[in-house]
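Enquirer: Got a predicted model here, sequence first, then my questions.
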Amino acid sequence: MHVATAYVENPLVKAVLIVVLLLVLLTTLFIAGAGPRTSPKEKARRREALEEKWEAELRQEEEEREARARREEEEREARARREEARVEQEIARAKREEEQRRAHTRERQLRAREERRHADALWADPKLREDILDHYLRWLLSRPSEESDSDRSTLVWFRGQKLNQAVIERARTWASSEGYAVHDGRRWRLTRRGQRIFEEYGGDRKRMSNVEKKRQQPSVKIDARGAGTVAHTISGGVQKSTVNNTVPGAQTSGEVDLAAALQLVEQLRRALPDANGLSRLDRERAEDDLGNVDRELRASAEDRNPGRIQSALEGLRTTFVSVDGLVQVVNQLWGHVHVWFSS
């Protein structure tokens, strides 16, 4: 053991061992480097194969891109066709709706024309017209607080025949213009004047009209000097004024009673502040119309403009349509001066 250790520790022996190991290593490296080598042809063949592989991959990618582009183009064309079909359907539906609207419009026009023709035929008979107007007023009188289908049928059926809307509208217009009926924002109802027809005169409009005319007529007492006192009854009150009949050609002839007309204007002015249901704009408009009427009544015959009076009275009728009593006074005023409108 000691001999072997001493032998290994000998420098010469160490050098020999190192040389042997180096030779073994070099031999191994030589053997590894001396293996089979790739020829140039093989390298070229391998390079060609690799290039063909790359080209195949490029062709495959190009084909996939082209296929994807074709699919996208087909999808776009399909969407465009669907959108075009939808637009065509919309156009066709719009045309059908327009044709239907036109057909309905023509039908409504024909029906309205027929209703007007029927209304004209009924209105041409004075007796039948008066009966229809009485029928409408009695329907308003007996009408319940809330309108129902049966309530409506009571209105439209008259003597076994059905009244169309044109006839009913004419009856409403007439009742409103005469101050018998008014629309209160929800429904049509009788005014106080319309109720008086049945409460005081048993439904006899003609008798009530005659009584009102007698109340409106002034009574004149002429004294020795040619001056007279005119007494005019307005809503139960007697107003008096003095007129002079001695001036030739004065506007106190039997055509227009200026004193009574001016008193009615004053009555409307006094009643205006207490009138219910009028807005501030309505009151201002009524004041302007009353001022126009007053100025024209007081103007001379040469300067007077009857058209301005007529326009103002029509405006007052519109303003006072929902106020019981005032429309009647406007109608009385109209009755005094209406001869100017037809002259």
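Expert: Ah, there it is.

Enquirer: Now do the helix or strand harbouring Lys95, average pLDDT.
Expert: Per DSSP states H and E, Lys95 falls inside helix 40-123. For helix 40-123, mean pLDDT is 89.

Enquirer: Please tell me the pLDDT value assigned to Gly237.
Expert: Gly237 is assigned 37 on the pLDDT scale.

Enquirer: Who are the packing partners of the helix or strand following the helix holding Lys95?
Expert: The helix or strand immediately downstream of helix 40-123 is helix 126-142, counting by DSSP H and E. When contacts are defined as 3 or more Cβ pairs under 8 Å, 6 or more residues apart in numbering; DSSP states H and E, helix 126-142 packs onto helix 40-123, helix 149-156, strand 157-158, helix 165-177, strand 181-183, strand 188-190, helix 192-199, helix 205-216. (Glycine included, C-beta is placed from N, CA and C.)

Enquirer: For Val327, which residues are in contact?
Expert: Gly179, Val182, Thr191, Arg193, Arg317, Phe320, Val321 (Cβ atoms under 8 Å, 6 or more residues apart in numbering).

Enquirer: CA atoms only: put the helix or strand that it is a member of into PDB for me.
Expert: Element membership of Val327 [criterion: DSSP H and E] is helix 326-342. What follows is helix 326-342 as a C-alpha-only set of coordinates in PDB (Å, rounded to 0.1, in the frame of the first residue of the first chain):
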ATOM      1  CA  LEU A 326    -122.800  87.400 -21.900                       C
ATOM      2  CA  VAL A 327    -123.300  85.700 -25.200                       C
ATOM      3  CA  GLN A 328    -127.000  86.500 -25.000                       C
ATOM      4  CA  VAL A 329    -126.100  90.200 -24.500                       C
ATOM      5  CA  VAL A 330    -123.800  90.200 -27.400                       C
ATOM      6  CA  ASN A 331    -126.600  88.600 -29.500                       C
ATOM      7  CA  GLN A 332    -128.900  91.400 -28.400                       C
ATOM      8  CA  LEU A 333    -126.300  94.000 -29.400                       C
ATOM      9  CA  TRP A 334    -125.900  92.200 -32.700                       C
ATOM     10  CA  GLY A 335    -129.700  92.400 -33.200                       C
ATOM     11  CA  HIS A 336    -129.600  96.200 -32.800                       C
ATOM     12  CA  VAL A 337    -126.800  96.900 -35.300                       C
ATOM     13  CA  HIS A 338    -127.100  94.000 -37.800                       C
ATOM     14  CA  VAL A 339    -128.900  96.200 -40.400                       C
ATOM     15  CA  TRP A 340    -125.500  97.900 -41.000                       C
ATOM     16  CA  PHE A 341    -123.900  94.600 -41.900                       C
ATOM     17  CA  SER A 342    -126.300  93.800 -44.700                       C
END
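
Enquirer: burial measure for Ile309, as a count.
Expert: For Ile309, the count of nearby residues is 25 (other Cβ atoms under 10 Å).

Enquirer: Can I take it that it is in a strand?
Expert: No. Under DSSP: H, G, I helix; E, B strand; the rest coil, Ile309 falls outside any strand and is assigned helix.

Enquirer: Settle this for me: it is touching Asp294, isn't it.
Expert: No. Look at Ile309 against Asp294 with Cβ atoms under 8 Å: they stay out of range, at 9.9 Å.

Enquirer: Where does the prediction get shaky in the stretch 151-300 of the chain?
Expert: Along the stretch 151-300 of the chain, the parts satisfying pLDDT under 70 run over 151-155, 215-255.

Enquirer: and the helices and strands packed on helix 126-142 as JSON lines, adding mean neighbour count?
Expert: Shown next, in JSON lines, are the helices and strands packed on helix 126-142 (neighbours: other Cβ atoms under 10 Å):
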{"stretch": "helix 40-123", "mean neighbour count": "11"}
{"stretch": "helix 149-156", "mean neighbour count": "12"}
{"stretch": "strand 157-158", "mean neighbour count": "15"}
{"stretch": "helix 165-177", "mean neighbour count": "17"}
{"stretch": "strand 181-183", "mean neighbour count": "19"}
{"stretch": "strand 188-190", "mean neighbour count": "18"}
{"stretch": "helix 192-199", "mean neighbour count": "17"}
{"stretch": "helix 205-216", "mean neighbour count": "13"}
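
Enquirer: okay if I get the ones you listed as TSV plus distance to Ile18?
Expert: Converted to TSV, the helices and strands packed on helix 126-142 look like this (distance: least, Cβ to Cβ, whole Å):
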stretch	distance to Ile18
helix 40-123	40
helix 149-156	129
strand 157-158	139
helix 165-177	132
strand 181-183	132
strand 188-190	134
helix 192-199	144
helix 205-216	151
